[in-house]
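In: here is the input, now give the coordinates:
(one chain, ligands or ions: 2)
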Amino acid sequence: MFSLIELIDINKQYRRSDKSYFHALSGINLKIEKGEIFGVIGRSGAGKSTLLRSVNLLERPSSGTVIVGDNNLMLLKEKELQDRRKQIGMIFQHFNLLSTATVRDNIAFPLKISKKSSNEIAVRVDELLELVGLTNHQHQYPRQLSGGQKQRVGIARALANEPDVLLCDEATSALDPETTDSILTLLRDINRKMGITILLITHEMDVIRAVCDRVAVMDHGQIVESGTVLDIFLNPTNKVTKQFVSEVFDTLGEETFGARQTQGKIVRIAFRGEQTYEPILYEAVRGTDATFAILQGTVSKMKDTPYGQLVVELRGSNADVSRIIAELGQRGLGVSEL
Ligand SMILES: Nc1ncnc2c1ncn2[C@@H]1O[C@H](COP(=O)(O)OP(=O)(O)OP(=O)(O)O)[C@@H](O)[C@H]1O
Ligand SMILES: [Mg+2]
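Out: Ligands and ions are numbered 1, 2, ... in the order given. Okay, the predicted model is just below:
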């Protein structure tokens with residue numbers, strides 16, 4: 001895969017008033033592939049905004065390399081950097097709209113800066129209004145809009161210059177859950193239809209689950225864990241990640257089955273994708289003398305990928321049980337003994 005954004009050994013220190021240094025980012029390495037939606041999650045103060053703002057050098061790292069497309073942004077001259085930034089859209093938690101300009105003029109603003117003709121601007125703004133569903137509100141002012149509508153203006157404005165990257169800093173944190181869903185759906189559509197790569201930061205695991213392909217977890221200026229959203233949800237290893245995951249997601253098998261008198265071995269089995277719907281467990285047990293009892297189970301979806309988790313007790317000889325576990329592993333299921 002072609003990576004569109006690459007952060008290499010990024011460090012950022014802020015100088016405090018007492019002249020000591022605060023390390024907001026330490027040794028960040030991250031590759032974001034073209035066309036994906038990549039999420040960064042972390043608690044307040046973890047360094048998420050600093051990381052996001054490093055990508056377009058709104059915040060210049062103290063050291064490291066920032067590659068976007070073919071450019072190492074750290075080496076660009078100010079004018080070249082300004083030009084490249086036009087292809088990197090950004091949206092914010094509090095929308096950052098011009099309060100004295102209408103919806104239409106807010107969206108037209110970056111096009112004017114880019115010195116497009118008024119004809120081009122009119123055509124492009126009409127397209128963008130249509131895209132975000134605000135054609136009927138184009139002559140209103142930001143104060144006359146709901147939060148969700150304001151963020152739609154923010155998105156349209158960010159897309160005006162046809163960026164290849166969209167950076168989202170807590171874009172839904174000021175919105176209620178329903179409006180959050182509608183904005184996330186819009187971001188997914190934009191990603192899918194226009195192929196725009198999206199990097200979003202959030203402190204909500206539900207946002208990650210709804211739209212992201214991959215996720216990195218930040219703590220104290222470092223990335224402590226990263227992977228596909230499915231891997232992170234089904235097998236979190238870092239303590240911070242586990243906390244985030246447990247807020248929104250039942251990891252089956254967390255309760256102790258050990259207290260029960262068991263006859264066999266208790267395992268947690270994680271299915272993903274199409275295998276979720278296949279009779280793999282039945283097939284693995286068939287042909288042995290073992291049986292199984294289901295203790296817990298769930299089947300759901302993450303973004304578009306179905307997944308399932310089962311906690312089962314495998315009852316049989318050690319040899320049969322080992323054979324079943326090996327067979328499940330060979331067929332690509334995640335098996336962990338509890
Ligand atoms: N300009 C600055 N000068 C000094 N310290 C800063 C500056 N900007 C950020 N920091 C510090 O860097 C750390 C990371 O800040 P950052 O805004 O990246 O966190 P965040 O993860 O986005 O948090 P939140 O979820 O609250 O937005 C914080 O401790 C913050 O106080
Ligand atoms: Mg922030």
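In: how is the chain divided into domains?
Out: 3-248, 265-337 (automatic domain parsing).
In: longest helix anywhere in this structure?
Out: In the chain, assigned by DSSP state H, the helix with the most residues is helix 177-194.
In: burial count for the residue in the stretch 151-300 of the chain that ligand 1 sits nearest to?
Out: At 5.5 Å from ligand 1, His203 is the closest residue in the stretch 151-300 of the chain, using Cβ to the nearest ligand atom. Yep, even glycine has a C-beta here, placed from its N, CA and C like the rest. Each residue near His203 was counted by other Cβ atoms under 10 Å, and the total is 16.
In: returning to that earlier point: tell me how far whatever helix or strand comes next after the longest helix of the chain lies from the chain's centre.
Out: Next along the chain after helix 177-194, taking DSSP states H and E as the criterion, comes strand 197-202. Distance, stretch centre to chain centre, for strand 197-202: 6 Å (Cα atoms, centre = their mean, to the nearest Å).
In: with just CA atoms, put strand 197-202 into PDB.
Out: The C-alpha coordinates for strand 197-202 follow below in PDB (Å, rounded to 0.1, in the frame of the first residue of the first chain):
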ATOM      1  CA  THR A 197      -7.600  10.100   3.200                       C
ATOM      2  CA  ILE A 198      -8.900  11.100   6.700                       C
ATOM      3  CA  LEU A 199      -6.900  11.400   9.900                       C
ATOM      4  CA  LEU A 200      -9.200  12.100  12.900                       C
ATOM      5  CA  ILE A 201      -8.500  12.500  16.500                       C
ATOM      6  CA  THR A 202     -11.000  11.800  19.200                       C
END
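In: measure the residue nearest to Leu131 when sequence neighbours are not counted to Thr65 for me?
Out: Once flanking residues are discounted, Leu131 sits nearest to Ala156: 6.7 Å by Cβ to Cβ, 6 or more residues apart in numbering. With distances taken as Cβ to Cβ, to the nearest Å, Ala156 is found 32 Å from Thr65.
In: please say which of those two ends up with more neighbours.
Out: Neighbours around Ala156 and Thr65, counted as other Cβ under 10 Å, are more numerous at Ala156. The numbers are 28 against 15.
In: next, that one: phi, psi?
Out: Note on Ala156: its backbone torsions stand at phi -60, psi -40 [degrees, to the nearest 10].
In: circling back to that earlier point, and the domains of the chain, which one is worst for confidence?
Out: Within the domains of the chain, confidence is poorest for domain 265-337, with a mean of 89 (mean pLDDT).
In: can you give me the end-to-end distance of that one?
Out: Start-to-end span of domain 265-337 (Cα to Cα, to the nearest Å) is 8 Å.
In: could you do stretch 222-240 as well?
Out: 12 Å.
In: ok, back up a step: highest mean neighbour count out of the domains of the chain?
Out: domain 3-248 (a mean of 18; mean count of other Cβ atoms under 10 Å).
In: which bits of this protein sit near ligand 1?
Out: Tyr14, Phe22, Ala24, Gly42, Ser44, Gly45, Ala46, Gly47, Lys48, Ser49, Thr50, His203 (Cβ under 6 Å from any ligand atom).
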